[in-house]
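# here's my sequence, what's the structure:
(one chain, ligands or ions: 2)
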Amino acid sequence: MMLEVVNVCKRYTGDKLTVDNVSFSVDKGTIYGLLGPNGAGKTTLMQMIATLLKPTSGDIYIGPYKAPKDTLQIHKMIGFLTTEVKLDPISTPNKLYNFFAELYEIPKQYIKDKRQQDFDRFGITPFADKRIVDLSTGMKQKVSIAISLIHEPPLIIFDEPTNGLDILTSKLVTDYLLELKAQGRTIILSTHIFSLAESLCDEIGILVDGKLVLSGSAAELTEYTNSKNFEEAFFKIYSEHHKE
Ligand SMILES: Nc1ncnc2c1ncn2[C@@H]1O[C@H](COP(=O)(O)OP(=O)(O)OP(=O)(O)O)[C@@H](O)[C@H]1O
Ligand SMILES: [Mg+2]
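Ligands and ions are numbered 1, 2, ... in the order given. A predicted model of the protein is given here:
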């Protein structure tokens, strides 16, 4: 087991639980998708898994470690990507990459080759010395992905990895995630795009109003709800569990 989330709750203010008693676990080498509408609590849950936010109650175990006690070890084990992370606008892909490579203590002699390889994969090379502020949304996202995985973490937590990307760039990213899975890495991603969840995830957890209401593979959820396809299954599950 790579990740275990046990009865996790998050309350920001008042009585409302933004994340309401969520439990699930993810095996090594699999892709787990959190699927839910805007405001369902996906980002909140992922920030807690990434130890950036403390649960109000409940426990999170990552590999042999427990959050928040082992935050330092957990940071080395995870790569976190969120739509809210902003790259320094006046820096460049090259400078940022080198900065994070040193931060994660990648041996100096490897950095140059690794950077070349990562930049070539994502088509960043021609933009390597341009300022972040002058890059397109997709290029910034690809730089963020390369940087978030610089330390080759076994657990990858991607909050809406294809947010704002065109279909070509999305495919580049999803193909890469499948490649990482084939290497035995574990991936947790959030999305509100059910086709993405269906094509990529071994298991999908449906999050409605902070509750994990159902989980399984797209095929299982489709069958369980007697639906024609996963899209119909998602709507059925959502309307059954969403309270006005
Ligand atoms: N720091 C905060 N303080 C108070 N409320 C917050 C905070 N962050 C998020 N919320 C609220 O918690 C709820 C869940 O937000 P969250 O960002 O986790 O949802 P999400 O599923 O990621 O949505 P989206 O698909 O729009 O990204 C929302 O109602 C949001 O307004
Ligand atoms: Mg979000």
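
# just say helix, strand or coil for residue 214.
strand (DSSP: H, G, I helix; E, B strand; the rest coil).

# cool, residue 190 as well?
Per three-state DSSP, residue 190 ends up strand.

# contact partners for residue 30?
181, 186-187, 202-203 (Cβ atoms under 8 Å, 6 or more residues apart in numbering). All C-beta atoms are positioned from the backbone trio N, CA, C, and that covers glycine.

# got those residues as TSV, with neighbour count and secondary structure columns?
As requested, those are arranged in TSV below (neighbours: other Cβ atoms under 10 Å; DSSP: H, G, I helix; E, B strand; the rest coil):
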residue	neighbour count	secondary structure
181	17	helix
186	25	strand
187	24	strand
202	16	coil
203	19	strand
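
# just name the closest of the residues you listed to ligand 2, please.
residue 187 (16.7 Å; Cβ to the ion).

# residue 118 contacts residue 146, doesn't it?
Yes - contact criterion Cβ atoms under 8 Å: residue 118 and residue 146 qualify, at 4.4 Å.

# overlap of the contact sets of these two?
Joint contacts of residue 118 and residue 146 (Cβ under 8 Å, 6+ apart) are 97, 124.

# re the thing from before, what two of the contacts of residue 30 are the furthest from one another?
Using Cβ to Cβ, the pair of these lying farthest apart is 181 and 203, separated by 12.4 Å.

# enumerate the residues of the protein near ligand 2.
With Cβ under 5 Å from the ion as the criterion, the chain meets ligand 2 at residues 42-43.

# which residue lies nearest the spatial centre of the chain?
residue 158 (1.5 Å; Cα atoms, centre = their mean).

# wait, a helix at it?
No - with three-state DSSP as the criterion, residue 158 is located in strand rather than a helix.

# mind listing what it touches?
So residue 158 contacts 80-81, 145, 148, 177, 187-190 (Cβ under 8 Å, 6+ apart).

# between the residues you listed, which is nearest residue 43?
Taking the contacts of residue 158 together and measuring to residue 43 by Cβ to Cβ, the closest member is residue 190, at 7.0 Å.

# check contacts around the closest residue to that closest one other than its chain neighbours.
Among residues not flanking residue 190 along the chain, residue 42 sits closest, at 3.9 Å (Cβ to Cβ, 6 or more residues apart in numbering). Residues in contact with residue 42 (Cβ under 8 Å, 6+ apart) are 34, 36, 159-160, 190, 192, 207.

# may I ask which of those residues comes out lowest in pLDDT?
Ranked by pLDDT, these bottom out at residue 192 (88).

# strands of this protein, start to end?
3-10, 19-26, 31-35, 57-62, 65-67, 78-81, 155-159, 186-191, 203-208, 211-216 (DSSP state E).

# for these, give me TSV that also has distance to residue 224.
TSV is the format used below for these (distance: least, Cβ to Cβ, whole Å):
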stretch	distance to residue 224
strand 3-10	22
strand 19-26	16
strand 31-35	15
strand 57-62	26
strand 65-67	31
strand 78-81	31
strand 155-159	26
strand 186-191	20
strand 203-208	11
strand 211-216	7
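
# ok, back up a step: going by neighbour count, which of the contacts of residue 158 are buried?
80-81, 145, 148, 177, 187-190 (16 or more other Cβ atoms under 10 Å).
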